[in-house]
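Undergrad: output the structure for:
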Amino acid sequence: DNDVWIRKAKRDDGIDYYEYLLLYTDDCLCVSEHAEAALWEIDKYFNLKENSIGPPKIYLGGKVSEVSFPSGVWAYSF
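TA: Alright, predicted model coming up:
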């Protein structure tokens, strides 16, 4: 699928994982431990809106919220 890009990465603690970049028309969502750095890398090839790099607020028209669980784990939800 041309709208989903995946690449291997290494977390700060040394564990291997995959970064995801989800693209649809003019929406872009990066799932990575270092998402901001990955988006700045993309910006070298495709001009991103100046204020669009940061924690997600909206993706595909849906509101994105950060939630915390009692265990201390946090995640994003739509």
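Undergrad: pairing partners for the strand or helix carrying residue 30, with directions?
TA: Using DSSP states H and E, residue 30 sits in strand 27-31. Strand pairing for strand 27-31, determined by DSSP bridges: strand 16-24 (antiparallel).
Undergrad: may I see the buried residues of the following helix or strand past the strand holding residue 30?
TA: Counting by DSSP H and E, the element after strand 27-31 in chain order, helix or strand, is helix 35-43. Across helix 35-43, burial judged by 16 or more other Cβ atoms under 10 Å covers 35, 38-39, 42. C-beta coordinates here come from the backbone N, C-alpha and C atoms, glycine included.
Undergrad: tell me where the model's unsure across this structure.
TA: Scanning the chain for pLDDT under 70 picks out 1.
Undergrad: who does the most centrally placed residue in it bridge with?
TA: What sits nearest the mean C-alpha location of the chain, by Cα atoms, centre = their mean, is residue 30, with 1.9 Å. Beta-bridge pairing for residue 30 (DSSP bridges): residue 21.
Undergrad: quick one: it and residue 9 touch, right?
TA: No. In this structure, residue 30 is not within contact of residue 9 by Cβ atoms under 8 Å, at 11.1 Å.
Undergrad: the strand holding residue 30 to helix 35-43, inter-axis angle?
TA: Relative orientation of strand 27-31 and helix 35-43, computed by axes from the mean of the first three to the mean of the last three Cα atoms, to 10 degrees: 130 degrees.
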